[in-house]
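Asker: model the structure of this input:
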Amino acid sequence: RFARRGQWRASEAVPFAPLRLLIAPTPTSHLRGAFFQRHAQPFLCYDMSAFRRGRAVGSLLCLTHLAAAGLPVDVAGWTPSETTFQGFGTSLCWWARGVGGWSNSTAFDELMDLLFDPSHPEGLKLNMVRYNIGGGSLHDPSLAHFRTGGWVPSYESGPGVWDWSQDAEQRRVLHAAMQRGVRYAMAFSNSPPAWMTVSGSSTGSATGTTDNLRQDQYGAFANYLANVTAHFHTNWNVTFDSVTPLNEAANGWWKTGGSQEGCHFDQSSESKIVAALGSALKSLGAGAVLVSGPEENSIDTSLQSLKTWTASAVDALGVVTTHTYNGNNRAALSDFAAQHKKRLWASEYGTGSGPLQGGVQLAQRIIKDFVGMTNMEVWTLWQAADLDNSMSPQGWGLTAASFCGCGGGETCTCPPRTPFGAYYVRKQYFALRQFSAFLRPGSQVLHPSSTQDALPENTLLAVDPDGSTLVFVVNPTTSPNSFALEGLGVQNGCAEHVVTDAIRSTSSVEFITVTGGKLAATISPESVNTFVVRSGTGSLCPPAPPPKPVRIRLLNESGLCLTCTEQRSISLQQCTSDSTSLQTWLWPTNDVGAITLAASVGSVDDALCLTWIGESAAVGVDRCTQATSNQQWALTSNRASIAGVGSESMCKWKWGSAACCLDDWNRGEHAGDPVYTYSCWGGNSQKWVVQPVSNRSLGGVF
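Answerer: So this is what the prediction gives:
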């Protein structure tokens with residue numbers, strides 16, 4: 001990103017596109033070069049400080065490509081987004097406190113590659129991280145109440161008392177992300193250092209509805225954040241693109257004794273601290289780092305806060321950032337940012353409930369945010385991981401990660417990987433990957449023109465930097481749906497259909513011929529779909545790949561795996577990271593049929609299938625026989641249970657039901673527990689996660 005004096009240097013390989021000329025004043029502060037991370041995507045830069053004439057002295061001359069111009073596909077009838085999309089990101093709260101302490105460097109690198117490596121074939125390719133500047137103190141009266149990882153130590157333990165060795169774990173993850181090519185880094189504070197607060201605690205004020213930053217500490221808090229920002233640049237080679245003193249500050253839930261850091265600010269107080277931070281950054285020569293905010297929980301509250309701020313606070317703001325958990329005024333917030341010439345980032349959203357471990361809801365929110373905020377540049381997830389030693393398939397994080405310590409004041413150093421893996425890739429990971437692996441930096445979202453009807457609900461259209469048209473569709477229902485979209489920029493071409501549903505995980509399932517700008521497909525229940533449409537003739541479409549059984553594990557609510565023993569019995573066991581183990585099954589190609597054990601057992605070479613044995617007996621395995629009705633299984637309509645569908649005799653004669661489901665009876669909390677069948681009723685004992693298994697063995701369960 002920095003050009004040597006008197007030399008040209010390519011900063012980034014990009015497809016050919018129209019070029020523009022930038023004459024950029026070289027920042028005189030220690031943050032020189034940060035300009036280009038925010039204002040352009042450099043193609044070539046020339047350091048003009050070698051010249052001694054005219055006004056060009058001390059400047060960088062850059063040629064930058066215009067991703068918005070000269071799109072290589074016909075987008076007639078569609079309006080490109082007002083800005084170029086810069087990427088998906090994640091907060092480092094609080095999982096980095098645990099993962100950064102892993103002593104197993106192999107597992108650490110694997111997880112970092114999955115999240116941040118842009119070339120990883122199964123990765124998310126995240127391009128932005130949100131670093132939490134902590135306010136934690138060992139003298140906090142709420143020290144014992146913090147959740148795992150929620151206590152983040154302050155770098156300043158008292159006035160002028162600095163300790164830059166703190167928070168090494170989170171910094172380790174930050175550096176690993178930047179080393180893998182993450183382009184944007186944002187710093188945020190949940191709370192001022194505890195010693196600056198009214199309550200003496202970084203968890204909040206006594207009531208949660210009163211300001212917790214002492215009135216005489218506004219300057220001290222602003223200087224704290226500015227000094228941390230400057231130290232990261234000069235000492236650790238990390239230049240934050242923006243920093244904010246706020247996090248859902250207008251809400252009234254940050255109370256003393258809570259389980260995480262938080263600080264209430266009235267909206268007038270928000271204005272005061274934002275202006276103070278802007279001044280502090282400038283006084284340190286760090287004015288190139290933008291102030292961001294207001295970071296409210298609701299889009300509507302963010303807009304309301306901005307409208308109440310003083311002119312000096314709005315002037316100090318460089319990036320409008322909002323969480324998108326609640327609120328609907330996306331267009332109004334987008335307009336505010338555009339009118340005041342501010343960038344717009346969606347800085348936080350997360351969920352862990354609903355189909356695909358919350359993946360369907362996550363995908364719907366991503367689409368809604370893109371459609372409603374036409375100048376949004378970055379979309380940020382709340383948690384890429386949960387600190388969860390149980391390796392549960394459920395939770396807010398895209399992955400589960402092991403940890404040790406990480407409570408209030410504790411270190412987070414962990415021993416080598418446990419037998420079931422240091423991390424577990426959950427289903428929601430693949431729901432985000434349906435977007436992040438395809439909607440790459442430089443892409444543009446397309447919106448209907450005034451002469452067109454709005455896109456169907458849960459649908460997003462975009463063009464990637466390579467010129468492919470991208471169509472994203474979510475089916476939140478429990479039934480297959482027919483999908484059709486006309487008026488694509490690609491008149492004739494081929495669409496690759498990639499899907500994540502209860503069985504598949506970012507799996508390419510078919511190629512569809514596009515004729516006359518029309519794309520039509522059938523999408524599976526509770527699924528997230530990506531269509532990559534490439535221009536050309538229909539003959540470019542390769543033949544549909546033959547259906548292949550999907551390698552899966554079956555996990556119950558307690559996170560135990562359905563396992564075949566060497567004695568050919570079935571029980572629940574701790575999941576292993578070995579993809580060739582007796583916990584790996586082949587799911588039927590048409591989603592109905594035999595569930596086949598992927599490995600051989602003992603001296604038996606014949607394929608073994610999951611089998612209903614008989615009355616009052618646990619399920620087992622037996623040689624696969626297509627004509628055997630008690631080896632036929634399928635997902636139930638709620639996509640959460642697995643029912644025997646081969647014959648009514650499997651259940652009806654005993655339970656009075658036409659179908660019976662796999663049932664661990666007591667939710668199988670202990671290794672060795674058997675699995676039975678029982679009349680399908682949808683309870684927790686019949687809920688199973690169908691987890692894909694990679695063909696290669698990973699450090700974590702994948």
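Asker: going by C-alpha atoms from here, please, whenever you check contacts or count neighbours.
Answerer: Noted.
Asker: and the contacts of the strand or helix carrying residue 218?
Answerer: Element membership of residue 218, judged by DSSP states H and E, is helix 218-236. With contact meaning Cα atoms under 8 Å, 6 or more residues apart in numbering, helix 218-236 is reached by 30-31, 133, 155-156, 187, 192-193, 196, 238-240, 243, 245, 272-273, 276-277, 280-281, 284, 286.
Asker: ok, now with 6 Å
Answerer: Residues from elsewhere that reach helix 218-236 (Cα atoms under 6 Å, 6 or more residues apart in numbering): 238, 239, 276, 277, 280, 281.
Asker: wait, which of the residues you listed is closest to residue 317?
Answerer: Among the contacts of helix 218-236, residue 277 lies closest to residue 317 (Cα to Cα), at 9.6 Å.
Asker: can you count the residues close to the nearest residue to the closest one once chain neighbours are set aside?
Answerer: Distance criterion Cα to Cα, 6 or more residues apart in numbering; nearest residue to residue 277, sequence neighbours excluded, is residue 222 at 4.5 Å. Neighbour count for residue 222, taken as other Cα atoms under 10 Å: 22.
Asker: ok, then the element right after the helix holding residue 218?
Answerer: Going down the chain from helix 218-236, the next helix or strand is strand 242-244, by DSSP H and E.
Asker: that next one pairs with which strands, and in what direction?
Answerer: Strand 242-244 has the following sheet partners, assigned by DSSP bridges: strand 184-188 (parallel), strand 290-294 (parallel).
Asker: mean confidence for the last one?
Answerer: To tie it back to what came earlier, the one meant is strand 290-294. For strand 290-294, mean pLDDT is 98.
Asker: same check, this time on the first one
Answerer: Mean per-residue pLDDT for strand 184-188: 98.
Asker: centre of the chain to it, how far?
Answerer: Its chain's C-alpha centre and that of strand 184-188 lie 15 Å apart, by Cα atoms, centre = their mean, to the nearest Å.
Asker: residues contacting it, please?
Answerer: The contact list for strand 184-188 (Cα under 6 Å, 6+ apart) reads 128, 129, 130, 131, 132, 133, 240, 241, 242, 243, 244.
Asker: next, the contact list for residue 172, please.
Answerer: Counting by Cα under 6 Å, 6+ apart, residue 172 makes contact with residue 100.
Asker: report the inter-axis angle for the helix or strand containing it versus helix 218-236.
Answerer: Per DSSP H and E, residue 172 falls inside helix 168-179. Computed by axes from the mean of the first three to the mean of the last three Cα atoms, to 10 degrees, the angle separating helix 168-179 from helix 218-236 equals 60 degrees.
Asker: buried residues in helix 168-179?
Answerer: If you call a residue buried by 16 or more other Cα atoms under 10 Å, then helix 168-179 has these buried ones: 168, 169, 170, 171, 173, 174, 176, 177, 178.
Asker: for the closest residue to residue 545 other than its chain neighbours, list each beta-bridge partner.
Answerer: Closest residue in space to residue 545, ignoring its immediate chain neighbours: residue 510 at 6.6 Å, by Cα to Cα, 6+ apart. As for beta bridges, residue 510 partners with residue 497 under DSSP bridges.
Asker: quick check, pLDDT for residue 510.
Answerer: 91.
Asker: give me the neighbour count for it.
Answerer: Residues within reach of residue 510, counting by other Cα under 10 Å, total 19.
Asker: burial measure for residue 216, as a count.
Answerer: Per other Cα under 10 Å, the neighbour tally for residue 216 reads 10.
Asker: go on, residue 232?
Answerer: Neighbours of residue 232 (other Cα under 10 Å): 15.
Asker: if you rank every helix and strand of the chain by mean pLDDT, what lands last?
Answerer: Across the helices and strands of the chain, mean pLDDT, DSSP states H and E gives its lowest value to helix 35-39, namely a mean of 32.
Asker: go ahead and measure how far the helix or strand that contains residue 435 is from the middle of the chain.
Answerer: Residue 435 belongs to helix 427-436 when assigned by DSSP H and E. On the basis of Cα atoms, centre = their mean, helix 427-436 is displaced by 7 Å from the centre of the chain it belongs to.
Asker: following element in sequence after it, please.
Answerer: strand 444-448.
Asker: which neighbouring elements make contact with that next one?
Answerer: For strand 444-448, the packing partners by 3 or more Cα pairs under 6 Å, 6 or more residues apart in numbering; DSSP states H and E come out as strand 78-80, strand 459-463.
Asker: that one pairs with which strands, parallel or anti?
Answerer: Here strand 444-448 is paired, per DSSP bridges, with strand 78-80 (antiparallel), strand 459-463 (antiparallel).
Asker: ok, residues contacting it?
Answerer: 78, 79, 80, 81, 84, 85, 454, 461, 462, 463.
Asker: could you say which helix or strand holds the fifth one?
Answerer: Taking DSSP H and E as the criterion, no element holds residue 84; it sits outside all helices and strands.
Asker: tell me the phi and psi of it?
Answerer: phi -90, psi 130 (degrees, to the nearest 10).
Asker: confidence score at it?
Answerer: 94.
Asker: what about it, how many residues nearby?
Answerer: Neighbour tally, residue 84, other Cα under 10 Å: 21.
Asker: tell me the contacts of it?
Answerer: Residues in contact with residue 84, defined by Cα under 6 Å, 6+ apart, are 442, 444.
Asker: for residue 531, see how far away it is.
Answerer: Separation of residue 84 from residue 531 (Cα to Cα, to the nearest Å) stands at 20 Å.
Asker: strands along the stretch 401-550 of the chain, start to end?
Answerer: Under the criterion DSSP state E, counting those that start in this stretch, the stretch 401-550 of the chain contains strands at 423-425, 444-448, 459-463, 469-475, 481-485, 492-500, 507-515, 519-523, 527-535, 550-555.
Asker: quick one: these as a markdown table, columns for distance to residue 119 too.
Answerer: Output for these, formatted as a markdown table (distance: least, Cα to Cα, whole Å):
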| stretch | distance to residue 119 |
| --- | --- |
| strand 423-425 | 18 |
| strand 444-448 | 21 |
| strand 459-463 | 20 |
| strand 469-475 | 19 |
| strand 481-485 | 31 |
| strand 492-500 | 18 |
| strand 507-515 | 17 |
| strand 519-523 | 28 |
| strand 527-535 | 18 |
| strand 550-555 | 24 |
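Asker: Three-state assignment for the closest residue to residue 312 other than its chain neighbours, please.
Answerer: When the adjacent residues along the chain are set aside, residue 312 lies closest to residue 275, with 6.1 Å between them (Cα to Cα, 6+ apart). State at residue 275, reduced to three classes by DSSP: H, G, I helix; E, B strand; the rest coil: helix.
Asker: pretty sure residue 275 is touching residue 313, no?
Answerer: Yes. Counting by Cα atoms under 6 Å, residue 275 touches residue 313, with 4.5 Å between them.
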